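# next one to model:
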Amino acid sequence: MANNRQSVELAWFAALCDDDYEFLGVPDEDLQSSWLHCSDIVRRAETNGFDNVLLPSGYSLGIDSTAFAGAVATLTNEINLLLAVRLGELVVPQLARQIATLQQISNSRLVINAISSEMPGEQLSSEARYHRTTEYLYVLGELLEGREVNIEGEFLQLHIDPPRITGQGYGCPPIYFGGLSEAARDCAAASADVYLMWPDTTAKVSSVVLDLTHRAQNFGRKISFGWRSHVIVRETEREAREAARKLLSRLDSATGDAIRAKSLDATSTGVNRQSELRSAADDEGYLEQNLWTGVGRARSGAGIAIVGDPDQVTAKLNELADAGVSAFILSGYPHLKECDLFARYVLPQIKHAPLSLTHAPAVLHDHR
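Purely as a prediction, here's the structure:
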């Protein structure tokens, strides 16, 4: 590793959305999302030395991320909690109060993964949905910073004082946010502190970093970059590839299609890009030597894994860090087992620490 390489943030994944398997597509009661199983994952990630853990959210899948965060914050001491919130399902002033309360419970270990979601059955265009998200994130940040809000927006009309608890000095946590469309990129540039990317080629990652950096500068803001993927690491590349084959060994196409269709974002620009990458892969699903697209056969969203021996996985993460990525959110199947393997083989080789960020105020730009 280059001596001058900056620290990156290494996060694990808590699988709150029924996304844990021994064999992809084969349900396992012991791995189904529950308080006991998912809290075990979070505590294991903390014990193993990860900096952060993603608490994902799905409307119809798994368990509630906000309630879970409040409980697991009392069982952990150091690891940051990256709480996913589906903005389309939430009332913003109430969300501000929840986040401020969780900051108090966790001693300021909360960070936010904002999801530009819809309510089930709602159908907004991509542009309208991200414009709404921009308004939501602006109001959320203002309230959490203890400021009065007066807004007559397209989606929010609010004249409201901040909740009392937001005046406790915690402020707005850093906002992590992802989306590949033009509207999503503009929303991220105006509102987010960390732009999350699903896996892609390093050349594509570099181009996205450049693009979002310029967009954020146009709003007078700075932005950092994150990468969300799976990982399969074993002592040898042969063993890692065999583990990948085993993971898919009981999956049939119809089951995979049904799993992907459950997601409310199944037709998004990002999901379509993951499908394109699967189509470009070789017969075993490898896009590059150590980038495997097989996970996407049974998962909507991030569908690529870094597969290899410890040196290969480390080299890939360092390559992405050199391209501008400063936060990695990783997962593997089953999540407890792969958490241990990554902590044993890769974590000690990478200079890592939680991102040192404060939320940059969102910009409410006129999009109409």
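# pairing partners for the longest strand along the chain, with directions?
The longest strand of the chain (DSSP state E) is strand 224-233. Sheet pairing of strand 224-233 (DSSP bridges) gives strand 194-197 (parallel), strand 305-308 (parallel), strand 327-331 (parallel).
# kindly export the next helix-or-strand element following the longest one (C-alpha atoms) in PDB.
In other words, strand 327-331. Toward the C-terminus, strand 327-331 is succeeded by helix 335-345 as the next helix or strand (DSSP states H and E). Provided in PDB are the C-alpha atoms of helix 335-345 (Å, rounded to 0.1, in the frame of the first residue of the first chain):
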ATOM      1  CA  HIS A 335     -22.900 -11.900   6.300                       C
ATOM      2  CA  LEU A 336     -21.500 -13.000   9.600                       C
ATOM      3  CA  LYS A 337     -19.100 -15.500   8.000                       C
ATOM      4  CA  GLU A 338     -17.900 -13.100   5.300                       C
ATOM      5  CA  CYS A 339     -17.500 -10.400   7.900                       C
ATOM      6  CA  ASP A 340     -15.100 -12.600   9.800                       C
ATOM      7  CA  LEU A 341     -13.200 -13.600   6.600                       C
ATOM      8  CA  PHE A 342     -12.800 -10.000   5.400                       C
ATOM      9  CA  ALA A 343     -11.700  -8.900   8.900                       C
ATOM     10  CA  ARG A 344      -9.100 -11.600   9.000                       C
ATOM     11  CA  TYR A 345      -7.700 -11.300   5.500                       C
END
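# how far does helix 335-345 sit from the chain's center?
Offset of helix 335-345 from its chain centre (Cα atoms, centre = their mean, to the nearest Å): 19 Å.
# separation between His159 and Asp64?
Distance of His159 to Asp64, given as Cβ to Cβ, to the nearest Å: 30 Å. Where you see a C-beta, it was placed from the backbone N, CA and C, and this is true even at glycine.
# which intervals of the stretch 151-300 of the chain have sub-threshold pLDDT?
255-268, 270, 274-275, 277-281, 298-300 (pLDDT under 70).
# quick one: the strands in it?
Under the criterion DSSP state E, counting those that start in this stretch, the stretch 151-300 of the chain contains strands at 157-160, 175-178, 194-197, 224-233, 286-288, 291-292.
# could you pull up phi and psi at Leu82?
Per-residue torsions, Leu82: phi -90, psi 90 (degrees, to the nearest 10).
# likewise for Asp19?
phi -120, psi 60.
# what's the answer for Leu248, then?
Dihedral angles (degrees, to the nearest 10) for Leu248: phi -100, psi 0.
# now for the residue nearest to it when sequence neighbours are not counted: which residues touch it?
Leaving out its chain neighbours, the residue that sits closest to Leu248 by Cβ to Cβ, 6 or more residues apart in numbering is Gly294, at 5.2 Å. By Cβ atoms under 8 Å, 6 or more residues apart in numbering, the contact list for Gly294 reads 24, 244, 247-248, 284-285, 305.
# hmm, what's the outermost residue in the protein?
What lies farthest from the middle of the chain is His159; by Cα atoms, centre = their mean that is 31.6 Å.
# in this structure it contacts Pro93, no?
No. Using Cβ atoms under 8 Å as the test, His159 is too far from Pro93 to be in contact (11.3 Å).
# the residue nearest to Thr76 when sequence neighbours are not counted in helix, strand or coil?
Of all residues not flanking Thr76 in the chain, Glu46 sits nearest, at 5.2 Å (Cβ to Cβ, 6+ apart). Counting by DSSP: H, G, I helix; E, B strand; the rest coil, the backbone at Glu46 sits in helix.
# Glu46 against Ala73, yeah?
No. Using Cβ under 8 Å, Glu46 is not in contact with Ala73, being 11.3 Å away.
# top helix in the chain by residue count?
Criterion DSSP state H: the longest helix present in the chain is helix 126-144.
# pull up the gap between the residue nearest to Leu248 and Asp282, please.
11 Å.
# quickly list what Glu152 is bridged to.
With DSSP bridges as the criterion, Glu152 is bridged to Gln157.
# the inter-axis angle of the helix or strand Gln104 falls within versus helix 126-144?
Assigned by DSSP H and E, Gln104 belongs to helix 92-106. Here helix 92-106 runs at an angle of 50 degrees relative to helix 126-144 (axes from the mean of the first three to the mean of the last three Cα atoms, to 10 degrees).
# tell me how many other residues surround the residue nearest to Ser206 when sequence neighbours are not counted.
Excluding the flanking residues, the one nearest Ser206 by Cβ to Cβ, 6+ apart is Ala323, at 4.7 Å. The number of residues packed near Ala323 is 19, by other Cβ atoms under 10 Å.
# and Ala323, what's its pLDDT?
Note for Ala323: predicted pLDDT of 96.
# so who does it touch?
Residues in contact with Ala323 (Cβ under 8 Å, 6+ apart) are 202, 205-206, 209.
# so what's the residue count around the residue lying closest to the residue farthest from the centre of the chain once chain neighbours are set aside?
Using Cβ to Cβ, 6+ apart and skipping the chain neighbours, the partner closest in space to His159 is Asn150 (5.1 Å). Using other Cβ under 10 Å, Asn150 has 10 neighbouring residues.
# I'd guessed Phe328 sits against Glu9; true?
Yes. Proximity of Phe328 to Glu9 meets the contact threshold set by Cβ under 8 Å, at 6.9 Å.
# does Ala188 touch Thr213 like I think?
No. If you go by Cβ under 8 Å, Ala188 and Thr213 don't touch, sitting 11.1 Å apart.
# give me the more crowded residue out of these two.
Shown here are Ala188 and Thr213; by other Cβ under 10 Å, Ala188 has more neighbours (30 against 17).
# identify the residues contacting the more buried one.
177-179, 195, 212, 215-216, 223.
# narrow those residues to just the buried residues.
Neighbour counting with 16 or more other Cβ atoms under 10 Å marks 177-179, 195, 212, 215-216, 223 as buried within these.
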